[in-house]
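Student: prediction below, plus the sequence it came from.
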Amino acid sequence: MKRAVLALADGTTFEGRALGASGETVGEVVFNTSMTGYQEILTDPSYVGQIVTMAYPEMGNVGANPGDQESAKPHAVGMVVRNATEQASNWRAQETLDVYLKRHGIVGIEGIDTRRLVRHVRTHGAQMGVISTEDHSPAALVERARKARGMEGLDLATGVSTQESYLFTTPSPNLLGEVPRPAPEPRFDVVAYDYGLKRSMLHFLVDVGCRVKVVPAGTSAEAVLAEKPHGIFLANGPGDPAAVKGADKVVAGLLGKVPVFGICLGHQILALALGGRTYKMKFGHRGANQPVKDLTTGKVEITSQNHGFAVDDASVKGKAVVSHINLNDGTVEGLSIPDARAFSVQYHPEASPGPHDARYLFSRFAKLMAGE
Ligand SMILES: NC(=O)CC[C@H](N)C(=O)O
């Protein structure tokens, strides 16, 4: 059993066993409270530059399979778990979590007290950390974590965005292996800004009748408007929203001209385009059990989330309506700009992983485009 050490910038260290690839990795240490869905989490490009700790103790039970990839490869730079089971017990599994991580060169650690780590991050905030399977000297690792650059001011979205535009017309797959539902006739041409998107979002857009053209993050508003799309979709993505080069200006150039729907980083960029402000949260929201209240209907949705920044509600006063709030901490979870036919949510209606309470938002976007 190979040893591994996790060291945080504030000097806290944990000793455990190596999981996945051997080596050393540096990233912001965050935690996710989802009980399942580790493969979708690892392959969510919003985790670029982050070491993800799974708060639930037992991981790896369903192994890994090609169907659960949210993008081509894992984007998290490290993984921390209490116990990674050595056996994958699911008919879809093609390999174990350990083999999957090794194959993709992701360094992880298991066998540490993840309750202590999660409580520490909750109390002291997310911070930079190092996992090493090679160097076990806590002092040296703490020093490297201390020197690592944090998330604030980092434009990570431009780096993971697609280089070329492409058309996406595939409806969501049927995970039970049955014949998938036929795709509905496409009624809407949607341009999706790729800031680091999860594939499920595209499937669910297709499911409500969209023909989606995915474009690089830096595509100009003029180029997009010239194509006369029915709607614009702003995807999720990693890093600091305020650092995404030129994105706020591009979105400001689109607002009011065509319906807009934004998710997570897309929601934050929409707020910035309005002249709002975003800020770094203490430890963020990551999990599949975040309660969100729709202030229009009073209804509560249980949502899937993954973000470390948030929109400052005072900064969007008079520019947008705060449509949803988080019931745990009162932070902004949704914005609506009725005059501009635009809306956005901080949480993930595509779930993957998580509950499907909010999937209706894709239909709401379709209705907005249909003028209903
Ligand atoms: N999932 C996302 O789009 C995350 C948005 C942003 N990177 C944040 O951490 O807040």
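Tutor: Noted; the coordinates are in hand. Residues are numbered from 1 along each chain as shown.
Student: show me how far stretch 309-318 is from its chain's centre.
Tutor: Here stretch 309-318 is found 20 Å from its chain centre; the criterion is C-alpha atoms, centre = their mean, to the nearest Å.
Student: end-to-end on that stretch?
Tutor: Start-to-end span of stretch 309-318 (C-alpha to C-alpha, to the nearest Å) is 21 Å.
Student: what's the answer for stretch 56-70, then?
Tutor: 21 Å.
Student: show me what it is in contact with.
Tutor: Residues outside stretch 56-70 that contact it (C-beta atoms under 8 Å, 6 or more residues apart in numbering) are 33-40, 43-45, 81-86, 88-90, 92-100, 114, 173, 175, 198-200, 352. Heads up, the C-betas are built off the backbone N, CA and C, glycines and all.
Student: buried residues of it, list them for me.
Tutor: Neighbour counts over stretch 56-70 (16 or more other C-beta atoms under 10 Å) mark Tyr56, Met59, Gly60, Asn61, Val62, Gly63, Ala64, Asn65, Asp68, Gln69, Glu70 as buried.
Student: farthest-separated two in those residues?
Tutor: Distance extremes for the buried residues of stretch 56-70: the farthest pair is Tyr56 and Gln69 at 20.8 Å, using C-beta to C-beta.
Student: how about the residues of the stretch 201-350 of the chain that lie near the ligand?
Tutor: By the criterion of C-beta under 6 Å from any ligand atom, the positions of the stretch 201-350 of the chain lying close to the ligand are Asn236, Gly237, Pro238, Gly239, Pro241, Cys264, Leu265, Asn306, His307, Gly308, Phe309.
Student: just those residues now: which is nearest Gln163?
Tutor: For these, the nearest to Gln163 is Gly237 (15.0 Å; C-beta to C-beta).
Student: the closest one: neighbour count?
Tutor: 32 (other C-beta atoms under 10 Å).
Student: surely it and His267 touch.
Tutor: No: in this structure, Gly237 is not within contact of His267 by C-beta atoms under 8 Å, at 10.9 Å.
Student: shared neighbours, those two?
Tutor: Counting by C-beta under 8 Å, 6+ apart, Gly237 and His267 have no common neighbour.
Student: so who does the residue of the stretch 101-250 of the chain found nearest the ligand touch?
Tutor: Nearest residue of the stretch 101-250 of the chain to the ligand, counting by C-beta to the nearest ligand atom: Asn236, 3.1 Å away. Asn236 makes contact with 44-46, 195-198, 201, 263-266, 306, 348, according to C-beta under 8 Å, 6+ apart.
Student: what does Ala55 give?
Tutor: Residues in contact with Ala55 (C-beta under 8 Å, 6+ apart) are Phe31, Asn32, Thr33, Thr114, Arg115, Val118, Gly287.
Student: for it, which non-adjacent residue is closest in space?
Tutor: Sequence neighbours aside, Thr33 is the residue nearest to Ala55 in space, at 4.6 Å (criterion: C-beta to C-beta, 6 or more residues apart in numbering).
Student: Arg187 now?
Tutor: Nearest residue to Arg187, sequence neighbours excluded (C-beta to C-beta, 6+ apart): Gly209, at 4.2 Å.
Student: the one you found contacts Val190, doesn't it?
Tutor: No: taking contacts as C-beta under 8 Å, Gly209 lies outside contact range of Val190: 9.5 Å.
Student: which of these two has more neighbours?
Tutor: Val190 (27 against 19).
Student: the helix or strand the more buried one falls within: how far from the chain's middle?
Tutor: Counting by DSSP states H and E, the element that carries Val190 is strand 188-194. The gap between where strand 188-194 is centred and where its chain is centred comes out at 18 Å by C-alpha atoms, centre = their mean.
Student: which residues touch it?
Tutor: With contact meaning C-beta under 8 Å, 6+ apart, strand 188-194 is reached by 161-162, 168, 201-202, 205, 209-217, 219, 224, 227-235, 237, 247, 250, 266, 366, 369-370.
Student: now, of the residues you listed, which are buried?
Tutor: 161-162, 168, 201-202, 205, 209-215, 217, 219, 224, 229-235, 237, 247, 250, 266, 366, 369.
Student: these in helices, which ones?
Tutor: Applying DSSP state H to those, the entries found in helices are Met201, Leu202, Leu205, Val224, Ala247, Val250, Gly266, Ala366, Met369.
Student: from what I can see the fifth one touches Tyr195, true?
Tutor: Spelled out, that is Ala247. Yes: contact criterion C-beta under 8 Å: Ala247 and Tyr195 qualify, at 7.4 Å.
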